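J.: Mind folding the following:
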Amino acid sequence: MQYTHYYSSPLGKILLAADEKGLTGLWFEGQKYFALYLDREHEEKMLPVFEKAVRWLDLYFSGKEPDFEVPLHFTGTDFQNEVWEILYSIPYGKTMTYGEIAKQIAAKRGFKRMSAQAVGGAVGHNEISIIVPCHRVVGANGSLTGYAGGIDKKIALLKLEGAFKEEFFVPKHSTAP
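T.: Have a look, this model is predicted:
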């Protein structure tokens with residue numbers, strides 16, 4: 001059974017979802033892939049995991065790096081979960097490229113190469129945005145692409161963390177999955 005709770009952020013309303021193992025979703029209302037894998041049967045209910053997530057988000061949106069973890073439950077494919085684990089490891093205020101993630105996965109799997117586009121697809125389908133910071137992933141040339149919550153929110157989150165760089169840009173044609 002999944003449960004939900006709404007959170008009002010400075011960037012808009014957020015839907016949180018969780019099951020008995022941990023947080024399974026965090027989406028900006030109306031974003032691409034909004035609640036895509038949320039169980040049809042779910043209940044709105046305050047849970048301890050939501051209380052912890054709300055404390056985390058309150059700290060984060062106040063401009064501070066949260067110093068505790070929220071229990072997470074990744075529910076994607078093996079490949080998506082592998083990508084999301086790497087996203088989760090990207091430090092606050094830092095960015096990583098799709099290619100760097102692809103290289104990490106290739107090395108872990110013993111491959112010579114891994115498709116940055118495949119990584120981009122998994123990043124774009126991240127179910128637990130912000131806490132699993134897909135907004136910290138940028139193109140190798142500094143392009144800001146692929147944020148399901150919207151490029152404006154990606155820029156705002158990077159600026160909040162002090163990770164926005166002058167060389168970042170929004171491409172004329174989106175390469176988002």
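J.: Touching the longest helix anywhere in the chain from outside, list them.
T.: If each helix of the chain is counted by residues according to DSSP state H, the longest one is helix 48-61. With contacts defined as C-beta atoms under 8 Å, 6 or more residues apart in numbering, helix 48-61 is touched by 3, 5, 7, 9-10, 14, 16, 18, 22-23, 26, 65-66, 68, 70-71, 130-131, 160. In short, each C-beta sits where N, CA and C put it, glycine included.
J.: Quick one: mean pLDDT over it.
T.: Taken as a whole, helix 48-61 has a mean pLDDT of 98.
J.: can you tell me the average pLDDT over stretch 105-112?
T.: 94.
J.: Tell me how far that stretch lies from the chain's centre.
T.: How far stretch 105-112 lies from its chain's middle: 23 Å, per C-alpha atoms, centre = their mean, to the nearest Å.
J.: before we move on, the earlier item: tell me the helix or strand right after the longest helix of the chain.
T.: helix 78-89 (DSSP states H and E).
J.: For residue 136, give me its contacts.
T.: Taking C-beta under 8 Å, 6+ apart as the test, what residue 136 contacts is 87, 90, 94-96, 158, 161, 163.
J.: again, but for residue 65
T.: Applying C-beta under 8 Å, 6+ apart, the residues contacting residue 65 are 59, 92-93, 161.
J.: do the same with residue 118
T.: Counted by C-beta under 8 Å, 6+ apart, residue 118 has contacts 79, 102.
J.: And the strand or helix carrying it, what's buried?
T.: Assigned by DSSP H and E, residue 118 belongs to helix 116-124. By neighbour count on 16 or more other C-beta atoms under 10 Å, the buried set for helix 116-124 is 116, 118-124.
J.: mind saving the C-alpha coords of that helix as CSV?
T.: Output of helix 116-124 as CSV, limited to C-alpha atoms (Å, rounded to 0.1, in the frame of the first residue of the first chain):
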residue,chain,number,x,y,z
ALA,A,116,24.8,8.7,-21.8
GLN,A,117,21.4,8.8,-23.5
ALA,A,118,20.3,5.7,-21.6
VAL,A,119,21.5,7.3,-18.4
GLY,A,120,19.5,10.5,-19.4
GLY,A,121,16.3,8.4,-19.8
ALA,A,122,16.8,6.9,-16.3
VAL,A,123,17.6,10.4,-14.8
GLY,A,124,14.5,11.8,-16.4
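J.: ok now it, how far from the chain's centre?
T.: Worked out by C-alpha atoms, centre = their mean, helix 116-124 lies 12 Å from the chain centre.
J.: tell me the angle that helix makes with helix 78-89.
T.: Angle, helix 116-124 to helix 78-89, by axes from the mean of the first three to the mean of the last three C-alpha atoms, to 10 degrees: 70 degrees.
J.: most centrally placed residue in the protein?
T.: The centroid of the chain falls nearest to residue 129 when counting by C-alpha atoms, centre = their mean (2.8 Å).
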